[in-house]
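Next input, structure requested:
(one chain, ligands or ions: 2)
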Amino acid sequence: MAATSRGTTPVPPESRPRLTVLSGPSGVGKSTVVAHMRKEHPEVWLSVSATTRKPRPGERHGVQYFFVSDEEMDKLIANGELLEWAEFAGNRYGTPRGAVLQRLEAGEPVLLEIDLQGARLVRESMPEAQLVFLAPPSWEELVRRLTGRGTEPPEVIERRLAAAKIELAAESEFDITLVNTSVEDVARELLVLMDVV
Ligand SMILES: Nc1nc2c(ncn2[C@@H]2O[C@H](COP(=O)(O)OP(=O)(O)O)[C@@H](O)[C@H]2O)c(=O)[nH]1
Ligand SMILES: Nc1ncnc2c1ncn2[C@@H]1O[C@H](COP(=O)(O)OP(=O)(O)O)[C@@H](O)[C@H]1O
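Ligands and ions are numbered 1, 2, ... in the order given. Model prediction:
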């Protein structure tokens, strides 16, 4: 039989790594943990979402997000191009479907960093996905991190903290909770959960 490269041979569904979803309140440290994890394990594929949020200083189109207009987001939704999408604190965010399915089919570990509403939608459409909740060591520490990041004005912080209360109350819907006390520890635990180490 002719040899086929790994990239072109779909891995049978039963031996594919599961899709992993990481959720948790804004400011808990999701991006920090994921960046730490991918520094040592770049093979972990992180989906890049589309968002109508404006870029923060230093954020680049196609890296942290695909920054799209309201009209472009309308089209992505209407054309069924998103695996899930949700409105969070006044902006829309969605996961491009095609890239995620391709990576899973190729047998690569895939990570989505999305909000609670998105995690619930993934649970419905892909029940085999594992849902991981990243929790802060305390409410006070969450407020400190979100405020200390200095990327949002006070009214946006208020909105995100209001969302955080709802998200923290939904922790039990997740398969596992990791408390973000140490970035290194959480990154390692996630790699274990994703079968990468
Ligand atoms: N449902 C959904 N949520 C997303 C997506 N991308 C990002 N989010 C979530 O949207 C929320 C706000 O993200 P962002 O504005 O980048 O703020 P940050 O997470 O506090 O840095 C976070 O909970 C993200 O996990 C997506 O594609 N779908
Ligand atoms: N374990 C931790 N201990 C202390 N500070 C942390 C920790 N994890 C993240 N941070 C800090 O908290 C802030 C929010 O982290 P970030 O990764 O942007 O959160 P999220 O992506 O969940 O919104 C950042 O300033 C980050 O440096």
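
residues near the residue of the chain found nearest ligand 2, how many?
In the chain, the residue that lies nearest ligand 2 is Gly29 (2.9 Å; C-beta to the nearest ligand atom). For the C-beta atoms, the positions are set from N, CA and C on the backbone; glycine is no exception. When neighbours are defined as other C-beta atoms under 10 Å, Gly29 has 22 of them.

Check Ala86 too.
Using other C-beta under 10 Å: Ala86 sits among 18 other residues.

That one sits in which helix or strand?
Ala86 belongs to strand 82-88 when assigned by DSSP states H and E.

Identify all contacting residues around that strand.
Strand 82-88 is contacted by residues 50, 73, 76-77, 92-97, 100-101, 114-115, 117-118, 121-122, 125, 163 when judged by C-beta atoms under 8 Å, 6 or more residues apart in numbering.

Within its sheet, name the partner strands of it and how each one runs.
Counting by DSSP bridges, the strands paired with strand 82-88 are strand 91-96 (antiparallel).

From the contact counts, what lies against the helix or strand just after the partner strand?
Per DSSP H and E, the first helix or strand lying C-terminal to strand 91-96 is helix 97-105. Helix 97-105 is packed against strand 82-88, strand 110-113, with contacts defined by 3 or more C-beta pairs under 8 Å, 6 or more residues apart in numbering; DSSP states H and E.

Between those strands, which one is closest to ligand 1.
Short answer: strand 82-88, nearest of these by C-beta to the nearest ligand atom, at 3.6 Å.

what about the closest one and ligand 2, any contact?
No: Strand 82-88 does not reach ligand 2 (C-beta under 6 Å from any ligand atom); its nearest approach is 11.0 Å.

Check which residues of that strand are buried.
Leu82, Leu83, Glu84, Trp85, Ala86, Phe88 (16 or more other C-beta atoms under 10 Å).

With Lys54 as the reference, measure out to the first one.
By that I understand Leu82. 20 Å (C-beta to C-beta, to the nearest Å).

which residue does the chain bring closest to ligand 1?
Gly118 (2.4 Å).

quick one: pLDDT of that residue?
What the model reports for Gly118 is a pLDDT of 98.

where's it relative to Val196, distance?
Taking C-beta to C-beta, one finds Gly118 at 22 Å from Val196.

more neighbours, those two?
Of the pair Gly118 and Val196, Gly118 is the one with more neighbours under other C-beta under 10 Å, namely 23 against 17.

List the buried residues of the helix or strand hosting the more buried one.
Using DSSP H and E, Gly118 falls within helix 116-125. Residues Leu116, Gln117, Gly118, Ala119, Arg120, Leu121, Val122, Arg123 are the ones in helix 116-125 that count as buried (16+ other C-beta under 10 Å).

helices and strands around it, which ones?
strand 20-23, strand 82-88, strand 130-135.

mind running it again at 7 Å?
strand 20-23, strand 82-88 (3 or more C-beta pairs under 7 Å, 6 or more residues apart in numbering; DSSP states H and E).
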